[in-house]
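Trainee: model the following, please.
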Amino acid sequence: MEFQTVSLDEIARVAGVDGKTNKAFIEDDGFPRLAYRRLNEDERKSTLEKVLLELDKDLPRSGENKSGRWDKGWGEILNRVRSGGVSEAALRPQYFTHDIIRIFGDYARVEDSSFEYDFSYVVRTLLFQRYLSDFKSIVEIGCGPGTNLVLLGQMFPGVTLVGCDWARPSQELVDIIAQNYGFRLTGKWFNMLTAEGGSDLPKGVETAFFTMHSMEQLGSNFQPFLNFILKSKPGLCLHVEPIDDLYDPGIPFDELAIRYHQKRNYLQGFLEALHKLKEKGHANIIDVRRLGFGSLFHEGYSLVVWRPC
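Mentor: Model (predicted):
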């Protein structure tokens, strides 16, 4: 089977921003080659075996107030930055390694293992330009090593940026990024499970909140964080997270992702809670969509855009 490539227009359509954002700046910056091919019969069989073996393992579960795994992971990146300096490659999380991914309703083998990261980079860039360009301050909650903050700082010079995380190495990484690039950027400790540490964060309609693969760690314990958002009344909330409500349990491909999502105890009930807030007049839901893209075991790139009323 020959490799096929994903176009910028295709990503813009699945992200829901086609015709609503200027794509020229991504093309000028060098659009990455995103090549993939569908699996042959033997590859599909071995892939399903790998997924099922993973589902049989005793996997780490989200929803508990334990930051140790992230202290270790982001600490490794901090040591890498200390020794080799700040760069996009140095800040890149360690888990972008899959050569087989989920894309547009099926498994696929990618030409380069950076496919997932590069695809997500384009998605983030389009979403940031579409939704965040008019805010005076942007707060990323669960910012990890700070790759999104680098992109936001480059796209929106002069905007006040805050990177929050419960892992201590993250705050040092954010400070190093700020010094290296000259961004108006600070790092803050914040615990999403309890909403502790949020008292001095920017709030109000001129501030946007952003999360990516961080609310997944809350499991069903998202209410303190949701209450914090409602109290803070930001002008917009942009989430790129795994949303199990958007899978179709009647499709075997999706059913495996649901099982993995539940096994890891990723974010559950959040979308339902937002719809209840909407019914009560407390939330305006702007967009909810499944991008149809993810790593081998599940799709962590569903989009939810909303604002408190």
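Trainee: all helices for this protein, in order.
Mentor: Taking DSSP state H, the helices of the chain run over residues 8-14, 24-30, 41-55, 68-84, 88-91, 115-132, 147-155, 168-181, 223-232, 252-263, 270-279.
Trainee: so for residue 212, which of those helices sits nearest?
Mentor: Comparison of the helices of the chain against residue 212 by C-beta to C-beta identifies helix 147-155 as nearest, at 6.1 Å. The way it works is simple: take the backbone N, C-alpha and C, and place the C-beta from them, glycine included.
Trainee: which strands or helices does that closest one pack on?
Mentor: If you count contacts as 3 or more C-beta pairs under 8 Å, 6 or more residues apart in numbering; DSSP states H and E, helix 147-155 packs onto helix 88-91, helix 115-132, strand 137-141, strand 160-165, helix 168-181.
Trainee: out of those, which gets nearest to residue 31?
Mentor: Distances from residue 31 to each of these were compared using C-beta to C-beta; the shortest belongs to helix 115-132, at 7.2 Å.
Trainee: could you check how far the closest one is from the centre of its chain?
Mentor: Helix 115-132 has its C-alpha centroid displaced from the chain centroid by 10 Å (C-alpha atoms, centre = their mean, to the nearest Å).
Trainee: what about that helix, average pLDDT?
Mentor: Taken as a whole, helix 115-132 carries a mean pLDDT of 96.
Trainee: so what does it touch, helix or strand wise?
Mentor: The contact analysis (3+ C-beta pairs under 8 Å, 6+ apart) places helix 115-132 against helix 8-14, helix 24-30, helix 147-155, strand 207-212, strand 236-241, strand 293-294.
Trainee: now the ones you listed in a markdown table, with mean pLDDT, distance to residue 228 and mean neighbour count?
Mentor: Shown next, in a markdown table, are the helices and strands packed on helix 115-132 (pLDDT from 0 to 100; distance: least, C-beta to C-beta, whole Å; neighbours: other C-beta atoms under 10 Å):
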| stretch | mean pLDDT | distance to residue 228 | mean neighbour count |
| --- | --- | --- | --- |
| helix 8-14 | 95 | 30 | 16 |
| helix 24-30 | 77 | 33 | 11 |
| helix 147-155 | 96 | 20 | 20 |
| strand 207-212 | 98 | 9 | 25 |
| strand 236-241 | 98 | 11 | 23 |
| strand 293-294 | 96 | 28 | 22 |
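Trainee: nearest to residue 100, out of the ones you listed?
Mentor: Distances from residue 100 to each of the helices and strands packed on helix 115-132 were compared using C-beta to C-beta; the shortest belongs to strand 293-294, at 11.2 Å.
Trainee: listing partners with orientation, what would you give for that closest one?
Mentor: For strand 293-294, the paired strands and their directions (DSSP bridges) are strand 100-103 (antiparallel).
Trainee: quick one: closest of the helices and strands packed on helix 115-132 to residue 268.
Mentor: Residue 268 lies closest to strand 236-241 among those, at 11.1 Å (C-beta to C-beta).
Trainee: what does that closest one rub up against?
Mentor: Identification of contacts with strand 236-241 by C-beta atoms under 8 Å, 6 or more residues apart in numbering yields 120, 123-124, 127, 131-132, 135, 208-216, 229, 267, 270, 286, 300-308.
Trainee: just to revisit the earlier point, possible to save the helices and strands packed on helix 147-155 as CSV with mean neighbour count?
Mentor: Rendered in CSV, the data for those read as follows (neighbours: other C-beta atoms under 10 Å):
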stretch, mean neighbour count
helix 88-91, 15
helix 115-132, 20
strand 137-141, 24
strand 160-165, 25
helix 168-181, 20
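Trainee: CSV for the ones you listed, including distance to residue 79?
Mentor: Supplementary listing: the helices and strands packed on helix 147-155 in CSV, determined by distance: least, C-beta to C-beta, whole Å:
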stretch, distance to residue 79
helix 88-91, 10
helix 115-132, 20
strand 137-141, 22
strand 160-165, 17
helix 168-181, 9
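Trainee: tell me how far residue 59 lies from residue 143.
Mentor: Noted for residue 59: a distance of 24 Å to residue 143, by C-beta to C-beta, to the nearest Å.
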